[in-house]
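>>> coordinates only, no sequence provided:
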Ligand code: CS2
């Protein structure tokens, strides 16, 4: 159905037009606020917002979410026009199911009103801050763990101007909270990073030191702020016109903030919330003492495989992840990568088989209703490769083994960043290190033997020991030569036979 202007917009005033089964479990305004969320992308709306709505519906509590978009004003306007309401459509081969979510008590745009965000972080009612700000927001050196701020972050941390970056907002917010002695708070990273809780703690503590805040502020943060680690999982591609059409058909009203995702969802959270938390455990989340093994499992066996499909698929001219999985031989290559590299690289959570998990991941990726674009998953590769693929390689090499299949992912990324698909079509390089990557490529002659060392020299991505490992280098050159000669489709077919 075409979405046209005659259909009213989703909002509190039009909820009675929405079919009963699609109405929210709670209504914005019915519960007080307790959470600030930074990063209003599709993932948060389909994941933590859904768990929180369910938890409040099950067990109560003032845990309404104030959703904050650091930069994107469009999503703020759309949600504000809809009283914070939006829908999530669950897509499976069997069909679609659309539900409105009422978890947001309000939405804010940080860039136009940073003082409001700082004030919220200092509000005693707010006891949890969740973040989905993507890998590139955590500006720490992978080797030293020290802060490596870009210009905007450095300016936020060293001047009195209103903060524009996530580290700047957190720093000012926590300093204001300390000054007001506004009570303990948990800062919860929901980004796909290993030890995301430790990283967020590192970022905050480094930011405090960089900004030279008074000792009393640092002491207060040490005593009153926790950083629980999490593993988050649900495939939620960027919304398209089709997403909005599907939502409008199901709801009978227009939803300009609609998103769609897969049926599967998982959340493992370390239970360290000094100011309390929603009953997320009543909503299907697993509360644990250590999310580490779950993070490693998910980053290596899901995200690493996702990146493999994204780079190979983009090179082979495939639009979506599910379409790419149909390339002859690819699923076999991925199974070997999971069994021979990933499963052998770490100890999974008790009772979990990495191979079984990997099979379920391949099933999820094959969901034809989820049109997740290869180019979307391929973006920010410099920020993703380390925890998704390089840690697997490093752990295998530390045991004296090879990680041959994982080297294919690195080679596919190296061909991808050169900007041409196998049929010559241009590929976008959407990456915070694009300039550094292009500069490294400019020093090479273009042959695999020259491209591989040039890119391995990017210490922001590749730890020096890994870059100096002859076996790793040889494996990547072998794969890159195959990709350059036979293309991605030909390479995987050849490798699988
Ligand atoms: C994907 C993830 O875009 C990407 O890099 O690998 O967003 C993936 O869909 C989620 O982590 C699934 O939980």
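Sure, I can see it. Bear in mind that the values here come from a model prediction, so they are computed numbers and not experimental data. Numbering: from 1, shown residues only.

>>> C-alpha only now, for contacts and for neighbours.
Fine.

>>> what comes up buried for stretch 421-430?
For stretch 421-430, the neighbour count (16 or more other CA atoms under 10 Å) marks 421, 422, 427, 429 as buried.

>>> try stretch 265-274
267, 268, 269, 270, 271, 272, 273.

>>> quick one: which of those is nearest the ligand?
Relative to the ligand, the closest of these is residue 267; by CA to the nearest ligand atom it sits at 9.5 Å.

>>> in three-state terms, label the closest one for me.
Under DSSP: H, G, I helix; E, B strand; the rest coil, the three-state class of residue 267 is strand.

>>> does residue 348 sit in a helix, a strand or a coil?
Per three-state DSSP, residue 348 ends up coil.

>>> helix, strand, or coil at the residue in the stretch 251-400 of the chain that the ligand sits nearest to?
At 3.7 Å from the ligand, residue 377 is the closest residue in the stretch 251-400 of the chain, using CA to the nearest ligand atom. Counting by three-state DSSP, the backbone at residue 377 sits in helix.

>>> remind me which helix or strand residue 186 belongs to.
strand 185-189 (DSSP states H and E).

>>> is that strand in proximity to the ligand?
No - Strand 185-189 stays clear of the ligand (CA under 6 Å from any ligand atom), getting no nearer than 13.2 Å.

>>> shift numbering so it begins at 738
Yes, from this point I'll number from 738; that puts the last item at strand 922-926.

>>> what mean pLDDT does that strand have?
Computed over strand 922-926, the mean pLDDT rounds to 98.

>>> from the chain's centroid, how far away is it?
Offset of strand 922-926 from its chain centre (CA atoms, centre = their mean, to the nearest Å): 16 Å.

>>> picking up where we left off before, find the nearest non-adjacent residue to the residue of the stretch 988-1137 of the chain closest to the ligand, please.
Spatial nearest neighbour of residue 1114, excluding adjacent residues (CA to CA, 6 or more residues apart in numbering): residue 1047 at 5.9 Å.

>>> again with residue 786
Nearest non-adjacent residue to residue 786 (CA to CA, 6+ apart): residue 840, at 5.7 Å.

>>> my guess is that neighbour contacts residue 765, does it?
Yes - at 6.4 Å, residue 840 counts as touching residue 765 under the criterion of CA atoms under 8 Å.

>>> of the two, give the one with the bigger neighbour count.
The neighbour count for residue 840 versus residue 765, taken as other CA atoms under 10 Å, is higher for residue 840 (34 against 22).

>>> list the contacts of whichever residue of the stretch 888-1037 of the chain sits closest to the ligand.
The minimum distance from the stretch 888-1037 of the chain to the ligand, using CA to the nearest ligand atom, falls at residue 970 (3.3 Å). Residue 970 makes contacts with 784, 1002, 1003, 1004, 1035, as judged by CA atoms under 8 Å, 6 or more residues apart in numbering.

>>> 7 Å - rerun?
Listed by CA atoms under 7 Å, 6 or more residues apart in numbering, the contact partners of residue 970 are 1002, 1003, 1004.

>>> ok, now residue 761?
Here residue 761 is in contact with 836, 837, 838, 839 (criterion: CA under 7 Å, 6+ apart).
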